[in-house]
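**Student:** One predicted model, sequence on top.
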Amino acid sequence: MAAISAKLVKQLREMTGAGMMDCKKALVETEGDIDKAVDALREKGLGKAAKKSSRLASEGLVNVEVNPNFNEATITEINSETDFVAQNENFINLTKDVTSHVMKSGVADVEELMKTDINGTQFEEYFGAQIAKIGENLVVRRFATLKAGENGVVNGYAHSNGRVGVVISAKCENAEVASKSAEFIRQLCMHAAAMKPSYLSYKELDSDFIEKETVALKADIEKGNEELARLKKPLKKVPLYGSQLQLTDAVMEQAKKDIEAELKAQNKPEKIWDRIVPGQIARFIADNTQLDQQFTLLSQFYVMDDKKTIAQVIEEKSKEFGGKIELVEYVRFELGEGLEKKGCDFASEVADQLK
């Protein structure tokens, strides 16, 4: 078995917040596999989800452009070596120009972008000249363009620091509803920028992911309850499930029976059960869909009205605007997301991408 270095233990501790000895034990059990060690700690309630921030690139800008008709929006991420250059006016203007060009050219990927013409010059040559002018290696890392279909609407939002951006498209019952919905869609983009959902709907979650995260969720709550018990505070209820995908008809029927049995044990008159059960069912669903609330936009509670989920707010807005609104696409970029340093600095990563 390979020796577990102090550096590896320190890295795992920084990623999870777990204790030093717990980290070392987890690494020994997983033979030095840090990703498996993260999972092992989380399953025991000893570590939070891995903190990526210390391992990710954080330089550059995320930019969003929405056309005046709210039927097309483009989001881009362009990386630089330093945050100093990211605040440079020339770099800021470059990100805006590139975003506009991506929208106008309709390209689908970076390779295709490099072959387009911009201002009479091939993009690859143009971008190289910008690198020379700014004096730092730069990379057009990724971009996406959303287009509204018939009676659709698209809007977007980029945070003022340029570190996160979101674009969302929706289809509406008619053109009038689409027109009324533009600002509401922007507000949803602002919510997503802050609350970081990974997916639009719980239907996009993978069953293996749900199973793994549910185990970690339960362990985390149970571990937290140990401290609450020590402080003689009320304990949090440990959920049976994590996602709506697990709440089958059989599960919901059993939940209803359990609620009714509890009401009976409390000697609640049966004639008032129909007024109590719906609220208890709603509570059961909320308690057992915490993964949906964490990872999916439609299941999150709206930051502007935290008593309602995004799905419920959309339903209300549909009635207010006179027709159905349905979110169809969602893209969120956070600067440096997914770029791992792996022991080298970001400048080297950027240089590698340019090769």
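**Tutor:** Done, it's in. Residues are numbered from 1 along each chain as shown.
**Student:** contacts, neighbours, all on C-alpha from now
**Tutor:** OK.
**Student:** Which helix or strand in the chain has the lowest average pLDDT?
**Tutor:** Lowest mean confidence among the helices and strands of the chain (mean pLDDT, DSSP states H and E): helix 346-354, at a mean of 47.
**Student:** In three-state terms, how would Y126 be classified?
**Tutor:** helix (DSSP: H, G, I helix; E, B strand; the rest coil).
**Student:** That one and I118 touch, don't they?
**Tutor:** Yes - proximity of Y126 to I118 meets the contact threshold set by CA atoms under 8 Å, at 7.4 Å.
**Student:** neighbour-wise, which of the two wins?
**Tutor:** I118 (19 against 15; other CA atoms under 10 Å).
**Student:** okay, now A3: neighbour count?
**Tutor:** The burial count for A3: 9, using other CA under 10 Å.
**Student:** Point me to the helix or strand that includes E315.
**Tutor:** Per DSSP states H and E: E315 is located in helix 310-321.
**Student:** Restricting to C-alpha, output that helix in CSV.
**Tutor:** Coordinates of each C-alpha in helix 310-321 appear next as CSV, following Å, rounded to 0.1, in the frame of the first residue of the first chain:
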residue,chain,number,x,y,z
ILE,A,310,-39.6,28.2,-8.4
ALA,A,311,-42.2,25.8,-9.9
GLN,A,312,-45.0,27.3,-7.8
VAL,A,313,-43.9,30.9,-8.6
ILE,A,314,-43.9,30.0,-12.4
GLU,A,315,-47.5,28.6,-12.0
GLU,A,316,-48.6,31.9,-10.3
LYS,A,317,-46.9,34.0,-13.0
SER,A,318,-48.6,31.9,-15.7
LYS,A,319,-52.0,32.8,-14.2
GLU,A,320,-51.0,36.5,-13.8
PHE,A,321,-49.8,36.8,-17.4
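**Student:** Can you give the domain ranges for this structure?
**Tutor:** As assigned by automatic domain parsing, the chain contains the domains 6-51, 61-167+336-354, 202-332.
**Student:** May I see those organised as TSV, with distance to H191 added?
**Tutor:** Converted to TSV, the domains of the chain look like this (distance: least, CA to CA, whole Å):
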stretch	distance to H191
domain 6-51	21
domain 61-167+336-354	9
domain 202-332	6
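**Student:** Comparing those domains, which yields the minimum mean pLDDT?
**Tutor:** With a mean of 84, domain 6-51 has the lowest mean pLDDT of those.
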